[in-house]
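Engineer: mind looking at a prediction? Sequence and model below.
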Amino acid sequence: MTGALAAAWLSAALLASSPVDGHEAGRDVTRILAQERYLFCAEGNEYQPTTDDLRWCPLGDQVAARCPGYTAVCGRRSPSMFGDMPIGEGEGESEEQQPGQANTDAYEEREPLQLPDLGIFAKLLMWLLLIGGALAIVVVIVKNLVRDRDDDQPELEAEPDAGESLIAARAAAMRVVETDVQRLLARAEQAAARGDHEAAINDVYAALLRRLEGEQLISVERFKTNGDYLGELRSHALRDGVRSRPPLRDEVREIVRDVEQVQFGAAAADASRYASVRNKVLAVVGRAALSLALLLGGGVLLGCPLLPDPDALPDSAALAGLGTGPSGQRAVAELLLLNDIEARHRTRSIEQLTGVDGAIILLDDVELLDADWDTLQTWVEEHGGTLVIATGKEFPRELGIDYEVIDSAATKLEPGASHSSFDRLTVAAPAGRVLGLRTGAVGRTERLLLRDPGWEFRQQDLPYVVRRSLGKGEVVVFAEPDMLTNVGITVADNAAFLINLLASREIDEVEFVNAYTGAGPDDPFESVGNAKLGGLFLQILLFLALLYAAVGIPFARLRDLEQQARRSFVEHVRTLGQRYAQARAARYVAGLYSAWALDRLRDRVLPGNARGLHPLAQAIAARTGRDEASVMQLLVHAHDLRDNSQHSTRGTPADLELMRLLAKLLDETSNTRS
Amino acid sequence: MTVQEFAHSFAEIRNEINRVLLGQDEIVEQVLLAIFARGHVLIEGVPGLGKTLLVRTLGRVLGSEFKRIQFTPDLMPSDVTGGNVFNQQANAFVFMAGPVFTQLLLADEINRAPAKTQSALLEAMQDRSVTVDGATRPLPRPFFTIATQNPIESQGTYPLPEAQLDRFLMKITVDHPSRAVEKSILTNYVRGFDAANLDTIGVRQICTAEQIVELQGATGQVGVQDEILDYITDVVSRTRAHRSVYLGASPRASIALLTCARARAASQGRPFVNPDDVKMLAPAILRHRLVLHPDAEIEGVTADDCVQQILREAPVPLTAA
């Protein structure tokens, strides 16, 4: 962590001290525009341009070096787009969209969406619902927490000999388990620093296990041993058919051996042993990530923090609002990201401008109110921010800077002030306006870029980019918005100029403001209104109110708790019978049943010490009214079966019939019957 | 003898036995661990899986005197222990030693003899001595019993009582070999291997009876941390609280688990016991010491299921989880 911070500081310091070279920035631009999202740079593309997209066509030869597809885009221009009007003239008035044009940068003016007037009662009801929902969620979470705590306690009590078990006590004490690899490694370092090398070894080994778990090579569980983890590594390698994985397993095994010598053996945990284990763990962690990346065909884990891909281009969802066409600004933002300047599209409105320490860039399609300009001016003067104005539109006169239209076709721009960041760069822009500086304006002014005056304007000063201090901060004004576009950074050293412009002031955070900034709703009602869902919500509320009136609070049908299923005794008996049947022991069972039935009959009808079958048959006949001879015959059969079932197991249908007769006899002699 | 020397000898013995018994590496290892932990083994498996061959090979490789008792329903205790016989010439009773007086005893199909005869082995297995007509005679050293039983047949058999089962350090179940192993067995048979004659493949004697005693003593050098003792205690005590177990393992099981774990650590040249030793050996040591509830048995729950569940619940000491 400390190393990363130091590296970041060092790179920032180097960036501040040494300006970016034009070739270096050009290479970055080429890489950025080679991505699929910049369709207009792809050869053979079918990108349909807008007027703004074509402003760089006069410099198309210079653009083609880094954006080969732009030439074809320029060839697609339609005469109806321009007529006789030269490019750059009439900016803002010529933005008529052709039917069927597909341009991601085009910002269509929409009719302002009207929030249906819900009325005070509806708004109050909606807020109550929202608050009630939030409270219900909080209550559910708290209930779950309490229930979990209650559920945990019986588990601990249920453990055998929990009071005597050191493991149970330790497990209870160590409920909170650190699972983050970086924090485990940091904790290990801290433990080593205070001399607790045993804890340090445990932590660094835990970091290894968590790392392997993160790569889904193992799953860490409380009941698993180190041997289990090695077995999982082995089975994982076999399952994936990776024969080269055994080195990883062998290295983990070696680490396990070292760790166990400390944990369970007599080896002392000292600094050298910790260093040895740590070095092995760090080596395996790196290799494990790499091997998995190779296993998955590469690239899956390249975004892993431990193994950043040096060739990966920065990507961020925060750039989604910037266009990818020639007149868009996404490539500019990616270029800044690549040079350690945190760039993002501003989504929140200017009114909510707080906490931005770097720069704000106003793009060409931004629409600002006077209040927004006041906010920005206050932010610059009091918070020391840097405001870059590249709108091409009017801005407050207080700045003392105006646009001036000249009749020059020069495209070359020259450094206006002796500045080490810019004086070796070659910068160009399409023909267009320059800036006029009014005398008497407050603040120090620097002319950063000047238009080449040519022979006709030799005596004039033609500023193109001007920087003026304002309070604690400063304002940078571009005469045209062209340079801050995706296609603008492909020409000459324009990319290096932009980077150095920000880096020379050590700006490391930039927000792009365009027409989409602040376009989102400020509250849920505005969102609902924009989506035209107000009516639907009202209907739902009405439906809920009716449902409540009809059914009451419990909307769902109440159900009894599900009873825990348990097999009945009959099922056990049936299963037991099946087991005997599978063992072909029907006669054995019949013999057991006969013995039990005889004992039960004797208990019921022949109390005392009378022995023999004859008195029993007489008693049964007297009780049931049956014929004594038939009863005697039945008893004799049962008696024989009882004595002889040990010698033969295979049963016959007669055995089953005998059991039925005995069961019937038992029923007839039961106490309830008598 | 150091732990490393123990591991070397152990590996040599195991490899020699594995030359005869194909695909039974784990069983051979467990039997050897039991022997070096001074215990007895109950092997359960259907006929034809090489149980007897294992014991005979053991006797040859360990250089121990080997005797076999075929247990039958009419076997009498004196047929096992021996007895006093009247010598007419000497006009006195003379003790005729039974087959139990040996170093390696194979009690084949032990559950075919009634409990009375099975119990004749109790004293021999526990105290390594035999008492006949009031006279106690020590058995040769080392002495270990390997008993076999068939899990399928139930007719005409007498299940071993719990007291007898507890005397066995391990109960090892032998399963059918894999197709590849079975083919290797056939290949060896075609090449002339004769299970009745171990000389056909030149099985060597690796050690002597005295060396076995020395090896048994070497396991005492293996250290055991408190955390391991806690883990063993935890696992065994959980068998007594398991809902499917009617009668859990006794403290003798804890001791057995400890001694076998030390033997396993020594067999790997490791001077300390780790949780893997305990976890690997727990099923073989605990499965025959658990008496299940009848309803659990009816539902098809086995002792192995209970042990595995316990091992999945007992937290391993010093775990990272």
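Structural biologist: Thanks, I have the structure now. Numbers count the residues shown, from 1 in each chain, chains lettered A, B, ... in the order given.
Engineer: can you pull the residues of the stretch 151-300 of chain B lying near chain A?
Structural biologist: Contacts of the stretch 151-300 of chain B with chain A, taken as Cβ under 8 Å from any Cβ of the partner chain, map to B:154-155, B:223, B:225-228, B:230-231, B:233-234, B:237-238, B:240-241, B:270-276, B:279-280, B:295, B:298-299. Just so you know, the C-beta spots here come from the backbone N, C-alpha and C atoms, and that holds for glycine as well.
Engineer: what do you get if the cut-off is 6 Å, keeping everything else the same?
Structural biologist: Residues of the stretch 151-300 of chain B lying close to chain A (Cβ under 6 Å from any Cβ of the partner chain) are B:223, B:225, B:230, B:234, B:237-238, B:241, B:272, B:274-276, B:279, B:298.
Engineer: most neighbours among those, which one is it?
Structural biologist: Neighbour tally across those (other Cβ atoms under 10 Å in any protein chain shown): the maximum, 31 neighbours, falls on residue B:274.
Engineer: how about the contacts made by it?
Structural biologist: Going by Cβ atoms under 6 Å, 6 or more residues apart in numbering or on different chains, residue B:274 touches A:260, A:264.
Engineer: same question for residue B:219.
Structural biologist: B:262, B:263, B:266.
Engineer: with neighbour count, pLDDT and distance to residue A:138 as extra columns, can I get the residues you listed in CSV?
Structural biologist: Formatted as CSV, those follow (neighbours: other Cβ atoms under 10 Å in any protein chain shown; pLDDT from 0 to 100; distance: Cβ to Cβ, whole Å):
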residue, neighbour count, pLDDT, distance to residue A:138
B:262, 27, 93, 55
B:263, 27, 93, 58
B:266, 30, 92, 59
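Engineer: now residue B:251. Nearest residue, chain neighbours left out?
Structural biologist: In space, residue B:251 comes closest to residue B:236 once its chain neighbours are excluded; the distance is 7.7 Å by Cβ to Cβ, 6 or more residues apart in numbering or on different chains.
Engineer: one step back: out of the residues of the stretch 151-300 of chain B next to chain A, list just those in strands.
Structural biologist: Of these, none are assigned to strands by DSSP state E.
Engineer: now the two most distant members of the residues you listed.
Structural biologist: B:223 and B:298 (44.6 Å; Cβ to Cβ).
Engineer: picking up where we left off before, mind checking pLDDT for the residue nearest to residue B:251?
Structural biologist: Note on residue B:236: pLDDT of 93.
Engineer: go ahead and confirm it touches residue B:255.
Structural biologist: No - counting by Cβ atoms under 6 Å, residue B:236 stays clear of residue B:255, with 9.7 Å between them.
Engineer: more neighbours, the two?
Structural biologist: Per other Cβ under 10 Å, whichever of residue B:236 and residue B:255 has more neighbours is residue B:236, with 29 against 15.
Engineer: lowest pLDDT pick from the residues of the stretch 151-300 of chain B next to chain A?
Structural biologist: Ranking those by pLDDT, residue B:298 lands last with 79.
Engineer: that residue reaches residue A:574, doesn't it?
Structural biologist: No - with contact defined as Cβ under 6 Å, residue B:298 does not reach residue A:574; the gap is 9.8 Å.
Engineer: what is the burial count for the residue in the stretch 401-550 of chain A that chain B sits nearest to?
Structural biologist: Ranked by Cβ to the nearest Cβ, the top residue of the stretch 401-550 of chain A for proximity to chain B is residue A:508, at 38.6 Å. Residues lying near residue A:508 (other Cβ under 10 Å) number 20.
Engineer: do the same with residue B:22
Structural biologist: 18.
Engineer: identify the residues contacting it.
Structural biologist: Taking Cβ under 6 Å, 6+ apart, one finds B:181, B:184, B:185 in contact with residue B:22.
Engineer: in helices, which of these appear?
Structural biologist: Those of the contacts of residue B:22 mapping onto helices are B:181, B:184, B:185, per DSSP state H.
Engineer: burial of the first one, as a residue count?
Structural biologist: This means residue B:181. Neighbour number of residue B:181 under other Cβ under 10 Å is 14.
Engineer: not counting its neighbours along the chain, what's nearest it?
Structural biologist: residue B:23 (3.2 Å).
Engineer: now do the phi/psi pair for the one you found.
Structural biologist: Note on residue B:23: backbone dihedrals following degrees, to the nearest 10 are phi 70, psi 10.
Engineer: give me the distance between it and residue B:287.
Structural biologist: 21 Å (Cβ to Cβ, to the nearest Å).
Engineer: compare these two (neighbour count), which wins?
Structural biologist: Using other Cβ under 10 Å, the more surrounded residue of residue B:23 and residue B:287 is residue B:287, with 23 against 17.
Engineer: surely the more buried one touches residue B:303?
Structural biologist: Yes - counting by Cβ under 6 Å, residue B:287 touches residue B:303, with 4.4 Å between them.
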